[in-house]
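Engineer: Based on what follows, work out the 3D shape:
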Amino acid sequence: MLRNYLKIAWRNLSKNRAYAFINITGLALGMGCALLIFALVRFHYQTDHHHRHYDRIYQLTSRFSSAGGAFNIQGIPYPLGQAIRNDYPDIEHIAMLEEWYSPLVSVPINKQADKKIKDKNHNGAFVEPAYFSIFDYTWLAGGPDDLSQPGTVVMSAEMARKCFGATTNIIGRIVRLDARITARVVGVFADYRDNTDLSYSIMASWGSLKEQRNARPEDERFDNTNGSTHCYALFNDRFTVADWNRQQLSFVKKYNPQKVKETSYPAIPFSTMHLSTEYGGVSPGLLLSLVLIGVLLIGTASINFVNLATAQALNRAREVGVRKVLGSTKTQLFWQFMGETTLIVLAALAFAIGIFQYGQTLAHTYLHGPFRFTFYFSPSVLGWLALLVAIVILLAGLYPALVLAGFRPVVALAGRLTTQQTGGFSLRRGLVVTQFAISQMLIIGLIVVANQLSYVQTKDLGFRKDAILAVKLPDLPSQDLSKMRTFRNLVKAIPEVGRFSYSMGGPPQSGWTSQTSVRFDTRPEKEPFGPQQTWIDAEYVDLYGLKLVAGRNLQPSDTARETLINETFMKRLGFTKPTDVVGKFLHKEGFAPLAIVGVLKDYNQLDLKQGINPLFLTTLATGFYSANIQLRSANYSRALSQLEKVYNQVYSDSFFESAFVDDQIQQAYQQEQTLGRLINFFAGIALLIGCMGLYGLVLFMVVQRTKEVGVRKVLGASVNNILWLFSREFIQLIGIAFLLSTPLAWWVMKGWLNNFEYKISLSPVIFLLALLATAAVALLTVSFQSVKAALMNPVKSLRSE
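Structural biologist: Sure, this is the predicted structure:
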């Protein structure tokens, strides 16, 4: 019986090749794209699940409350880990970790210059040995036991190959970290899988931290928090997270009594950190949106199948009638048609897997940030794939099979079936409307994303960004001022270089600021808000074209004596006239009083997703970590070559890193750019699937209405009249789809735009463009077959029936 079903299914598909091609291609595209989306979502939901104690690991974070609201960061005070260990010894493990950004590793080579390796893809870290009791690593050589000693390091196999060309026989070898810390290799671990947030290529002992930049004494106070300092806890039955929550208040009272009302240290399940936007994780809403797009793509492909299958039902009416007269039951016919659907879906699945494999390659090349993923096979994947196939078979095949199996034999053999009895135009109209509504929503999305990206790329940010290069200085605890002067003089001697400036973190929108607390002038109390602070030299304002609305620029100085504030800071202090605040003083702990000598016009110091914060800028040369260089020649390659030569001459132990400011700014919107490319792709796929189905429907309609077209032409109908005959119904359906899709698309894109502080408005033009695009593509699809019907000789049309 099964063999007979398959043979009949194969014959029918071979006979109706256009029908089979449209269905298989549509389902393959829909399923292939859906598989890619589901693999991406699975990748994120399985991040760091490979650790044995995954469900018992917590990360200690910091929460700060003030009159302006509350905010959370992953960073914690340096002494937190040891304090918890001392007070709560029943906790199974506590481990501190200090992130080490862009680690520079030097390998001494006999009688040669050191081999320098700069890992730009992974961070490094300083860790306590307990870290490896919380998180699981596979050791290829050595292990973490010796990390209790200062001057020791473990590294990934990839880093070991970069440093030594092998992963074996390297235990005991010496490396230098950031050209300052001499460390002995004590372990090599297997390379990470991609789905981890802990991809540190090299990890040095916690005791080595004292020699690194920002090394802080063990007795540092609890009111200093750094975002790069993390603490992980492995709770157990003797001391649970509930115990920590109950005793946290007394802990804060003991170690940070002055800020007990504003500060807490919540323990967040490590399992939630990757998908927590509050801590910089991937947005679950974004993943849900992608899942919805995957479902819609499968839905639109299944709609194609239903439309074409029910339309083809008239052609198979006599076949059904004959089978019923010869004894076939309704159940047998139902399973025969479901078998045909299964054959089509399985054929589509084979192509979908090919699309999935090719799509993974494209994803690694063109996707970035949360959209980049690696697929890891597991037995559960087969179960999900079988479920997907079953769902598609049911969505696509159930209704057409019921319709075909339900034909009455007498009516079917007499050829008196109507379109209503084969599923009806009303159903097909509804399904076509659904298809076009999906396509229009995606098109509206791609137009909105493209316009918003164009807006953020062209908006005046309040500073100059063209032809300016930011060069990173060595990552030292305190910069060498004599080397900085030498570097400045040598760089300014290069003909292609214009202005030159030093700063803490490069361009104004670099995000290199830190929050602090200040007291204003003669006020007795600190301000209730925390302004941002950054360090610049006297040339910075002119180089970036920042505008002064009152006062003057900073005087050249290596120490902090004067300060500039922005307009937002001035307003938060309660002033409306910039001149009124000039001449006042800011008092910051550890600094001499800072005279406010000028007020800067507001500029965006962060990306356009965020507003402008209160900010003050002062001179502190030992805290400069970026050189800002304006180029006045279009020959950038020559200038870069000369800059690198000068840099290596002055900072021979460091590594030359540079980036153009406009490129750095674009990096801030990498996720949005990738999202735009994805929406473009999925909108194109949805429109293609819809047009293929539309083409199939029009093809069927032309065959069914051949005689009608002939009669109309004999009675004087023109080609345009015939085109309108086939097109008008679809134009009406596109209009209905537009009315349904517009409110939903407006609501979704309004929510997405709310992620930006500065954004475009959703004008009616955006929605009309989507309508026109859909209508144009649909009319082109319909016209292809309609013109052929309109140009056919009416004699042949009438003779065909």
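
Engineer: and residue 183, what is it in contact with?
Structural biologist: Applying Cβ atoms under 8 Å, 6 or more residues apart in numbering to residue 183 gives the contacts 151-153, 174-177, 204-205, 208. In this view, the C-beta of every residue, glycine as well, is placed from N, C-alpha and C.

Engineer: hmm, 6 Å instead?
Structural biologist: Contacts for residue 183 (Cβ atoms under 6 Å, 6 or more residues apart in numbering) come out as 151, 153, 175, 177, 204.

Engineer: and which of those is nearest to residue 223?
Structural biologist: residue 204 (26.7 Å; Cβ to Cβ).

Engineer: For that closest one, the count of nearby residues, please.
Structural biologist: Using other Cβ atoms under 10 Å, residue 204 has 29 neighbouring residues.

Engineer: hang on, it in a strand?
Structural biologist: Yes. Checked against DSSP: H, G, I helix; E, B strand; the rest coil, residue 204 lies within a strand.

Engineer: and the gap between it and residue 173?
Structural biologist: Counting by Cβ to Cβ, to the nearest Å, the separation of residue 204 from residue 173 is 14 Å.

Engineer: Then residue 643?
Structural biologist: From residue 643 to residue 173 the distance is 33 Å (Cβ to Cβ).

Engineer: between the two, who's got more neighbours?
Structural biologist: Between residue 643 and residue 173, counted using other Cβ under 10 Å, the more crowded position is residue 643 (23 against 16).

Engineer: Spatially nearest residue to residue 168 (excluding sequence neighbours)?
Structural biologist: Nearest non-adjacent residue to residue 168, counting by Cβ to Cβ, 6 or more residues apart in numbering: residue 141, 6.1 Å away.

Engineer: about what we covered before: top of the contacts of residue 183 by neighbour count?
Structural biologist: The residue in those with the most neighbours, by other Cβ under 10 Å, is residue 204 (29 neighbours).

Engineer: Next one, pLDDT for that one please.
Structural biologist: For residue 204, the model assigns a pLDDT of 93.

Engineer: Which residues are in contact with it?
Structural biologist: Residues counted as contacts of residue 204 (Cβ under 6 Å, 6+ apart) are 126, 153, 183.

Engineer: can you tell me which of those lies nearest to residue 10?
Structural biologist: Among the contacts of residue 204, and counting by Cβ to Cβ, the member closest to residue 10 is residue 153, at 63.8 Å.

Engineer: Can you verify the closest one is assigned to a strand?
Structural biologist: Yes. Assessed with three-state DSSP, residue 153 lies in a strand.

Engineer: can you list the weak-confidence ranges in the stretch 701-801 of the chain?
Structural biologist: 701-710, 713-716, 719, 785, 788-801 (pLDDT under 70).

Engineer: change it to 50
Structural biologist: Within the stretch 701-801 of the chain, the ranges that satisfy pLDDT under 50 run 801.

Engineer: cool, and the chain?
Structural biologist: Along the chain, segments meeting pLDDT under 50 span 217, 410-425, 801.

Engineer: can you tell me which helix in it is longest?
Structural biologist: The longest helix of the chain (DSSP state H) is helix 330-366.

Engineer: helices or strands up against that one?
Structural biologist: helix 2-15, helix 17-45, helix 379-405 (3 or more Cβ pairs under 6 Å, 6 or more residues apart in numbering; DSSP states H and E).

Engineer: For the longest one, which residues meet the burial criterion?
Structural biologist: The neighbour-count check on helix 17-45 (16 or more other Cβ atoms under 10 Å) flags 19-20, 22-44 as buried.

Engineer: pretty sure residue 500 is in contact with residue 490, am I right?
Structural biologist: No. In this structure, residue 500 is not within contact of residue 490 by Cβ atoms under 6 Å, at 10.3 Å.

Engineer: and residue 629, that's in a strand?
Structural biologist: Yes. Assessed by three-state DSSP, residue 629 belongs to a strand.

Engineer: what's the distance between it and residue 469?
Structural biologist: Residue 629 sits 5 Å away from residue 469, taking Cβ to Cβ as the criterion.

Engineer: Kindly report the same for residue 694.
Structural biologist: Distance check for residue 694 against residue 469: by Cβ to Cβ, it reads 52 Å.

Engineer: now residue 32: how far from residue 357?
Structural biologist: Using Cβ to Cβ, residue 32 is found at 9 Å from residue 357.

Engineer: The stretch 201-350 of the chain: strands as residue ranges?
Structural biologist: Under the criterion DSSP state E, counting those that start in this stretch, strands of the stretch 201-350 of the chain are mapped to 202-205, 225-226, 229-234, 263-264, 267-269.

Engineer: got the end-to-end distance for stretch 584-604?
Structural biologist: Stretch 584-604 has an end-to-end distance of 24 Å (Cα to Cα, to the nearest Å).

Engineer: still on that earlier bit, for residue 614, find the nearest of the strands of the stretch 201-350 of the chain.
Structural biologist: strand 225-226 (18.9 Å).

Engineer: quick one: that closest one to chain centroid distance?
Structural biologist: Distance, stretch centre to chain centre, for strand 225-226: 26 Å (Cα atoms, centre = their mean, to the nearest Å).

Engineer: what sits up against that strand?
Structural biologist: So strand 225-226 is contacted by 62, 75, 77 (Cβ under 6 Å, 6+ apart).

Engineer: Nearest spatial neighbour of the second one, chain-adjacent residues omitted?
Structural biologist: Spatial nearest neighbour of residue 75, chain neighbours left out: residue 227 (3.8 Å); criterion: Cβ to Cβ, 6+ apart.

Engineer: doesn't residue 72 make contact with that neighbour?
Structural biologist: No. Counting by Cβ under 6 Å, residue 227 does not reach residue 72; the two are 10.9 Å apart.

Engineer: Correct me if wrong: residue 244 contacts residue 266.
Structural biologist: No. In this structure, residue 244 is not within contact of residue 266 by Cβ under 6 Å, at 9.0 Å.

Engineer: Please identify which of those two sits among more neighbours.
Structural biologist: Each of residue 244 and residue 266 has its neighbours counted (other Cβ under 10 Å); residue 244 has more, 20 against 15.

Engineer: That one: what's it in contact with?
Structural biologist: Contact analysis of residue 244 by Cβ under 6 Å, 6+ apart lists residue 267.

Engineer: try residue 683
Structural biologist: By Cβ under 6 Å, 6+ apart, the contact set of residue 683 is 442-443, 446.

Engineer: so which strand or helix has it?
Structural biologist: Using DSSP states H and E, residue 683 maps to helix 670-704.

Engineer: and residue 509, how many neighbours?
Structural biologist: Residues lying near residue 509 (other Cβ under 10 Å) number 22.

Engineer: Run through the residues that contact it.
Structural biologist: Counting by Cβ under 6 Å, 6+ apart, residue 509 touches 604-605, 665.

Engineer: measure it to residue 665 for me?
Structural biologist: Taking Cβ to Cβ, one finds residue 509 at 6 Å from residue 665.

Engineer: do residue 398 as well
Structural biologist: Per Cβ to Cβ, residue 398 is found 52 Å from residue 665.

Engineer: what's the answer for residue 741, then?
Structural biologist: Plainly put, residue 741 is 34 Å away from residue 665 if you go by Cβ to Cβ.

Engineer: of these two, who's got more company?
Structural biologist: Between residue 741 and residue 665, counted using other Cβ under 10 Å, the more crowded position is residue 741 (25 against 20).
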